[in-house]
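>>> mind folding the following:
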Amino acid sequence: MAVKLDRWEGAEERSRDEAFAELYESSYPSLVKYCRGQLGDTADPEEVAQEAFLRAWMTWDRYATSRPFWALVATIARNLCMDHHRHERVVTTVLEQRAGELSMTPGITPEERLEQDEEYEWARQALAELCPNHQRIISLREIEGWSADDIAVADGTTPEAATAALYRARQRLRDAYNRVAAGALTGLAYFPLRGMRRRFGLWAHYTTHAAVTSPGLVSHASDAVAAVVAIAVVSGAPVVNPLPQPAVADRPTPVVAEHRPDGTVTGVVTAAGMAGVAAANKGPASAAKGGIAAAAAAPVVDPVIAGAPDNVTVSQFTPAPIGSNTREVYATGTSTEGCPSSTSSTTDKPAPCAVLFHSVDNGATWERLKASGFSGGTVLLAPNFPTDRRIFVSGPSGVQVSVDRGATFSSLVPLTGPAAVSPAFTIDHRILIGAVPGWEYRDDTNATTPLNLDGRPQGQTLSFGFSPTYAKDGQLLVGTSAPDPNDPTHNASAVTVCTFSKCGGSAVLPGASALPTVQPSRSFATNHVVFAWADDKLYQSSDAGGSFKPVTLPAKGLVEGITEDSGGAVYVSLLNVDPKGVTSGGVYVTGDGGKTWTQLGKDTALAKGATSVSSVAHDRVLAAPASGGLLCSADAGKTWAKRCPTTP
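The predicted model follows:
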């Protein structure tokens with residue numbers, strides 16, 4: 001292949017920009033021809049060649065001028081072509097894999113097995129990066145099937161300490177998997193170059209890779225670790241019981257939309273149940289009523305069963321949306337009481353299962369919901385709840401929905417990851433899902449499609465925080481974790497502000513590497529405050545997400561949750577586990593942006609760590625001790641009790 005310039009001849013005597021411009025003009029046609037031979041008809045060779053030149057330009061100042069230029073740019077182009085082929089394989093097979101899993105087809109194609117094997121290899125690499133104790137705990141729980149009690153007996157500690165140690169091990173495993181996968185899946189990006197002459201401008205339009213991790217539907221112990229990693233990394237939260245659950249008879253079977261000649265929705269994942277498909281095919285007006293109509297048509301089932309939250313490990317509280325006329329609160333977690341008749345492999349004690357509790361009076365009384373088919377996670381409510389009484393849940397099985405007040409749950413979207421309901425849900429009908437590359441469920445069309453963000457932030461899994469006044473300002477804050485440009489061996493956490501789907505620059509969270517949780521203040525429209533946290537680091541922005549500053553935490557521990565009351569006080573729940581398995585942390589409150597903190601519940605179980613905290617009404621706070629159960633304060637944390645008072 002003839003190339004006019006193969007070295008930076010005379011580069012020392014002239015501008016490096018001028019030398020690069022000349023190399024670009026002379027080498028570009030040859031590189032396009034080379035890319036065309038590598039890609040065939042699967043992509044635009046000119047765009048790939050442009051991307052290769054841009055990457056060469058980004059390393060221009062660090063690259064030795066004596067080295068052959070063609071070798072540099074051709075190697076970059078070859079790698080991009082290889083990445084493109086991998087990208088195409090993943091994107092074209094993901095929905096087929098999902099369809100096969102949802103239809104419970106027993107067979108698996110060689111291509112699916114190959115990709116699954118690749119994911120398992122990443123999982124094994126991630127597991128190898130953990131410390132020996134974390135490897136042992138995960139192996140005991142996920143492969144051997146030991147319960148927290150079993151591990152506690154073997155280690156001579158308490159079940160609470162064993163649960164906390166397992167939680168931390170899963171967190172570390174998820175971070176390790178992110179690093180391994182980020183190194184293996186480098187997506188194809190296109191950076192068009194305009195006006196390349198002696199001085200040239202670079203105009204970038206970034207499109208990240210789309211690499212989708214299939215869920216861990218496994219039947220052998222050797223596959224279990226890979227399933228745990230895959231679920232944890234896309235969910236952005238600890239997975240309590242990721243092993244396959246018994247089929248639930250009253251759980252509708254999800255279906256996948258087909259290509260139809262009459263213009264109906266095609267090529268997307270659809271919700272479970274033929275009623276939903278029919279509504280989607282009749283158009284938005286009909287589909288928008290589908291969820292409520294389905295709820296009305298569903299048989300009457302008593303959603304309540306016996307049970308109290310005192311022995312539940314609560315992972316999340318979800319109060320009714322701000323402005324709602326109801327005092328309802330949901331609490332999700334795990335419990336060994338009232339679970340299916342499965343037991344530990346080494347004891348006769350029942351294995352824990354996901355549970356859902358409901359309060360109609362801000363925590364004064366609680367009822368356990370039947371929640372048949374419920375796999376755990378975070379409850380999401382429509383902004384017009386309880387007019388729209390559906391209960392959405394984002395968890396290890398993807399997004400689920402209940403249309404019968406929590407009696408049964410069915411699969412809505414089989415994609416896992418952090419999820420958020422749009423504050424303008426009654427208008428735009430959207431639920432965003434953070435599974436790579438980012439997805440958007442439309443309630444009016446009953447369909448799920450890739451999320452369209454102009455200038456999508458770098459990173460794989462996404463997290464979301466809507467502005468409370470999103471219907472007016474259109475602001476969406478997106479959390480990401482991507483390789484650090486200054487050190488690609490490590491990830492850097494960042495938050496990007498997108499306004500009506502057009503994203504700006506990313507604000508880095510200094511010192512953080514995990515996928516951050518992003519939460520705008522309830523007074524965001526006036527104070528422009530945004531909170532973000534990842535692992536044991538908390539950040540605050542005072543300029544609507546444009547920049548973030550670290551907030552000094554009052555104690556060691558992972559940030560389990562942040563909540564803000566109507567007066568602007570901020571509560572944080574922390575959980576720390578020392579090498580001996582002893583838990584600490586607690587619930588703290590600040591009224592001055594984190595300059596000073598006050599510990600709450602020093603004389604309660606909260607002093608040994610908390611897994612969740614939520615402000616549910618004026619001065620009323622719910623918190624979950626790491627040891628289990630829940631506590632309520634009706635005086636902004638001064639005193640605590642097992643139940644809230646019956647007065648508002």
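>>> where does the stretch 1-150 of the chain have low pLDDT?
Counting by pLDDT under 70, the ranges of the stretch 1-150 of the chain that qualify are 1-17, 58-67, 86-122, 142-145.
>>> again, only this time at 50
Along the stretch 1-150 of the chain, segments meeting pLDDT under 50 span 1-13, 91, 94-95, 98-99, 101-106.
>>> now the helices for it?
Assigned by DSSP state H, counting those that start in this stretch, the stretch 1-150 of the chain shows helices spanning 16-39, 45-58, 69-102, 110-129, 132-138, 148-155.
>>> packing partners of the second one?
In this structure, helix 45-58 makes packing contacts with helix 16-39, helix 69-102, strand 193-194, judged by 3 or more CB pairs under 8 Å, 6 or more residues apart in numbering; DSSP states H and E. All C-beta atoms are positioned from the backbone trio N, CA, C, and that covers glycine.
>>> mind listing what's buried in that helix?
45-57 (16 or more other CB atoms under 10 Å).
>>> show me which of the residues you listed is closest to residue 307.
Ranked by distance to residue 307 (CB to CB), those are led by residue 51 at 56.3 Å.
>>> what about the longest strand in the chain?
Criterion DSSP state E: the longest strand present in the chain is strand 487-499.
>>> could you dump that one to PDB, C-alpha only?
Output of strand 487-499 as PDB, limited to C-alpha atoms (Å, rounded to 0.1, in the frame of the first residue of the first chain):
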ATOM      1  CA  ASP A 487      -5.200   6.700  33.600                       C
ATOM      2  CA  PRO A 488      -7.300   4.200  31.500                       C
ATOM      3  CA  THR A 489      -6.600   1.400  34.000                       C
ATOM      4  CA  HIS A 490      -8.900   3.100  36.500                       C
ATOM      5  CA  ASN A 491     -12.500   4.400  36.200                       C
ATOM      6  CA  ALA A 492     -13.600   7.900  36.900                       C
ATOM      7  CA  SER A 493     -17.100   8.800  38.100                       C
ATOM      8  CA  ALA A 494     -18.900  11.800  36.500                       C
ATOM      9  CA  VAL A 495     -22.300  13.500  36.200                       C
ATOM     10  CA  THR A 496     -23.600  15.000  33.000                       C
ATOM     11  CA  VAL A 497     -26.500  17.500  32.600                       C
ATOM     12  CA  CYS A 498     -28.700  16.800  29.700                       C
ATOM     13  CA  THR A 499     -31.400  19.400  28.700                       C
END
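>>> buried residues, it. List them.
Within strand 487-499, the residues that count as buried by 16+ other CB under 10 Å are 491-498.
>>> from these, which one has the minimum pLDDT?
Among the buried residues of strand 487-499, residue 491 carries the lowest pLDDT, at 88.
>>> what pairs with that one across the strands?
Beta-bridge pairing for residue 491 (DSSP bridges): residue 483.
>>> again with residue 587
residue 573, residue 600.
>>> and for it, the neighbour number?
Per other CB atoms under 10 Å, the neighbour tally for residue 587 reads 31.
>>> surely it meets residue 599?
Yes: between residue 587 and residue 599 there is a contact at 7.4 Å, judged by CB atoms under 8 Å.
>>> mind listing what residue 316 touches?
Residues near residue 316 by CB atoms under 8 Å, 6 or more residues apart in numbering: 331-333, 377-379, 561, 612.
>>> next one: residue 478
By CB under 8 Å, 6+ apart, the neighbours of residue 478 are 453, 457, 462-465, 495-498, 503, 518.
>>> please name the nearest non-neighbouring residue to it.
Spatial nearest neighbour of residue 478, excluding adjacent residues (CB to CB, 6 or more residues apart in numbering): residue 496 at 4.8 Å.
>>> need the contact list for that neighbour.
457, 477-478, 480, 503-507, 545.
>>> domains of the chain?
11-85, 122-235 (automatic domain parsing).
>>> before we move on, the earlier item: would you turn the buried residues of strand 487-499 into a markdown table with distance to residue 127?
Shown next, in a markdown table, are the buried residues of strand 487-499 (distance: CB to CB, whole Å):
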| residue | distance to residue 127 |
| --- | --- |
| 491 | 18 |
| 492 | 24 |
| 493 | 23 |
| 494 | 27 |
| 495 | 30 |
| 496 | 31 |
| 497 | 36 |
| 498 | 35 |
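>>> what is the nearest of those to residue 391?
residue 498 (27.6 Å).
>>> which residue packs closest to the closest one, ignoring adjacent ones?
Here the residue nearest residue 498, using CB to CB, 6+ apart, is residue 476, at 4.6 Å.
>>> where does the protein have low pLDDT?
Along the chain, the model assigns pLDDT under 50 to residues 1-13, 91, 94-95, 98-99, 101-106, 186-298.
>>> ok, 70 please
Ranges of the chain meeting pLDDT under 70: 1-17, 58-67, 86-122, 142-145, 181-301, 341-349, 648.
>>> which stretches in it count as helices?
16-39, 45-58, 69-102, 110-129, 132-138, 148-155, 159-184, 221-235, 274-281, 284-288, 290-297, 425-428, 470-473, 524-527 (DSSP state H).
>>> circling back to that earlier point, any chance of the contacts of residue 478 in CSV, plus distance to residue 76?
What follows is the contacts of residue 478, written out as CSV (distance: CB to CB, whole Å):
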residue, distance to residue 76
453, 26
457, 23
462, 27
463, 31
464, 33
465, 36
495, 30
496, 26
497, 31
498, 29
503, 26
518, 34
